[in-house]
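Engineer: coords below, sequence missing:
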């Protein structure tokens with residue numbers, strides 16, 4: 001207060017009229033505060049920021065440069081002006097308490113908003129830094145950062161309300177507690193998404209880039225984003241399916257990451273062999289099969305019991321062992337299943353040496369095309385339901401035999 005009147009007297013001595021001295025003093029102090037605020041901001045931009053850049057550039061690590069980037073530092077520097085104005089306003093309005101209170105409230109509100117922007121910029125830099133790290137990139141961290149940001153905004157809103165109504169923040173929170181049920185209804189998805197996001201991350205159930213299948217939501221594709229309220233899945237038909245995170249925790253879904261990490265993709269398909277073509281091998285067939293290495297010494301000891309289906313199974317096993325496109329480190333099975341109306345299923349259970357979808361389909365096709373073409377060598381036939389063309393062909397064969 002004394003400084004205000006000293007400056008007013010000084011301005012009067014310099015020739016300012018007495019009736020204008022008061023406002024001239026206020027304007028002078030106001031310009032002085034604006035100048036101080038401007039100087040602090042420029043010092044931050046021209047001196048402090050370059051110093052921070054030089055210090056971070058000297059370190060071998062790159063995380064400090066990513067966190068303390070221009071956006072974060074500039075957001076922090078914007079906090080300085082409202083602080084300067086808040087502390088200097090009593091010099092401008094010493095005898096106007098109402099105007100001073102309103103002006104300081106505006107400064108505090110602006111300070112809170114700028115601080116929230118700084119927190120958002122800092123969290124964004126952390127998220128971008130996590131995306132550059134291979135381990136962190138595979139974690140659904142976006143939802144966690146969004147949750148922290150949402151909590152910060154909620155606290156900021158409470159502080160702004162308490163500032164505007166001149167009430168303690170705890171009083172505002174107590175008032176909000178009475179309407180907690182309404183707030184929980186409004187933020188139900190966010191709260192459930194927060195809990196689900198923590199569970200997904202803690203249990204490593206889902207990562208961006210995973211291939212998942214969730215029939216209930218029509219999802220069959222790659223996870224492209226995991227946020228607080230949605231999980232985006234790009235299906236193989238290039239459509240996008242959005243799933244609430246809590247649905248992934250409460251319902252069942254299939255994650256194919258284990259298959260991708262294993263390096264092999266399963267083939268589980270059956271050949272349906274015509275039941276009437278399964279028979280004992282003739283001695284000529286046994287000798288031919290033995291010459292090709294499809295029968296060993298132990299098999300030849302029981303010549304009268306060798307069945308063509310048995311030889312075919314052994315051939316498939318050898319074929320899979322020699323096929324470089326089939327993983328030799330994973331399980332390989334050739335087994336008969338229970339007979340059906342379509343014949344006897346002969347199931348192949350093995351894994352390809354790649355997980356690429358297109359290559360997998362090509363390998364599977366080549367394997368079964370080869371086996372179907374090989375069936376006649378063993379006197380076997382693939383089962384196929386009779387149709388008009390089959391009956392016509394069979395009738396012509398019977399006629400020819402006659």
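Structural biologist: Perfect, I can see it now. For clarity, every value in this text was computed on a predicted model and none was experimentally measured.
Engineer: need the contact list for residue 234.
Structural biologist: Counting by Cβ atoms under 8 Å, 6 or more residues apart in numbering, residue 234 makes contact with 221, 222, 224, 240. Glycine gets a C-beta too; all of them are placed from N, C-alpha and C.
Engineer: let's go with 10 Å and repeat that
Structural biologist: 219, 221, 222, 223, 224, 225, 240, 241 (Cβ atoms under 10 Å, 6 or more residues apart in numbering).
Engineer: May I have the secondary structure class of the fourth one?
Structural biologist: Secondary structure, DSSP: H, G, I helix; E, B strand; the rest coil: residue 223 is strand.
Engineer: do the same with the last one
Structural biologist: Here residue 241 is recorded as strand under three-state DSSP.
Engineer: Residue 262 versus that one, what's the distance?
Structural biologist: Taking Cβ to Cβ, to the nearest Å as the measure, residue 241 falls 26 Å from residue 262.
Engineer: ok, those two, which is more surrounded?
Structural biologist: Between residue 241 and residue 262, counted using other Cβ atoms under 10 Å, the more crowded position is residue 241 (17 against 14).
Engineer: Where does pLDDT dip in the stretch 1-150 of the chain?
Structural biologist: For the stretch 1-150 of the chain, applying pLDDT under 70 flags the ranges 1-29, 52-53, 56-57, 59-68, 91-95, 130-143.
Engineer: care to break the chain down by domain?
Structural biologist: 2-137, 263-389 (automatic domain parsing).
Engineer: can you put these in a markdown table and add distance to residue 145?
Structural biologist: Shown next, in a markdown table, are the domains of the chain (distance: least, Cβ to Cβ, whole Å):
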| stretch | distance to residue 145 |
| --- | --- |
| domain 2-137 | 5 |
| domain 263-389 | 31 |
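Engineer: Can you identify each of the helices in the stretch 251-400 of the chain by residue range?
Structural biologist: Listed in chain order, the helices of the stretch 251-400 of the chain (DSSP state H, counting those that start in this stretch) span 257-262, 283-291, 297-300, 308-322, 357-374, 388-401.
Engineer: Which one of these lies nearest to residue 97?
Structural biologist: Of all the helices of the stretch 251-400 of the chain, it is helix 257-262 that lies closest to residue 97, at 64.5 Å by Cβ to Cβ.
Engineer: Of the contacts of residue 234, keep whichever come out buried.
Structural biologist: 219, 221, 223, 241 (16 or more other Cβ atoms under 10 Å).
Engineer: Bridged to the second one, which residues?
Structural biologist: If I follow you right, that is residue 221. In this entry, residue 221 is beta-bridged to residue 212, residue 235, by DSSP bridges.
Engineer: what do you get for residue 242?
Structural biologist: residue 232.
Engineer: wait, it sits on residue 229?
Structural biologist: Yes - Residue 242 is within contact range of residue 229, at 9.0 Å (criterion: Cβ atoms under 10 Å).
Engineer: hang on, the earlier thing: most tightly surrounded among the helices of the stretch 251-400 of the chain?
Structural biologist: Of all the helices of the stretch 251-400 of the chain, helix 308-322 has the most neighbours on average by mean count of other Cβ atoms under 10 Å, namely a mean of 18.
Engineer: could you give the angle of it to helix 283-291?
Structural biologist: Angle, helix 308-322 to helix 283-291, by axes from the mean of the first three to the mean of the last three Cα atoms, to 10 degrees: 10 degrees.
Engineer: How far does helix 308-322 sit from its chain's centre?
Structural biologist: 43 Å (Cα atoms, centre = their mean, to the nearest Å).
Engineer: still on that earlier bit, looking at the domains of the chain, spot the one closest to residue 150.
Structural biologist: domain 2-137 (10.6 Å).
Engineer: quick revisit: looking at the domains of the chain, which is nearest to residue 209?
Structural biologist: Nearest of the domains of the chain to residue 209, taken as Cβ to Cβ: domain 2-137 at 8.2 Å.
Engineer: What about residue 210, how many residues nearby?
Structural biologist: Using other Cβ under 10 Å, residue 210 is surrounded by 19 other residues.
Engineer: In contact with it: list those residues for me.
Structural biologist: Taking Cβ under 10 Å, 6+ apart, one finds 138, 140, 221, 222, 223, 226, 233, 255, 256, 257, 258, 260 in contact with residue 210.
Engineer: Got the confidence number for it?
Structural biologist: Note for residue 210: predicted pLDDT of 88.
Engineer: Include distance to residue 338 when you put the helices of the stretch 251-400 of the chain into a markdown table, please.
Structural biologist: Shown next, in a markdown table, are these (distance: least, Cβ to Cβ, whole Å):
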| stretch | distance to residue 338 |
| --- | --- |
| helix 257-262 | 27 |
| helix 283-291 | 27 |
| helix 297-300 | 25 |
| helix 308-322 | 15 |
| helix 357-374 | 20 |
| helix 388-401 | 25 |
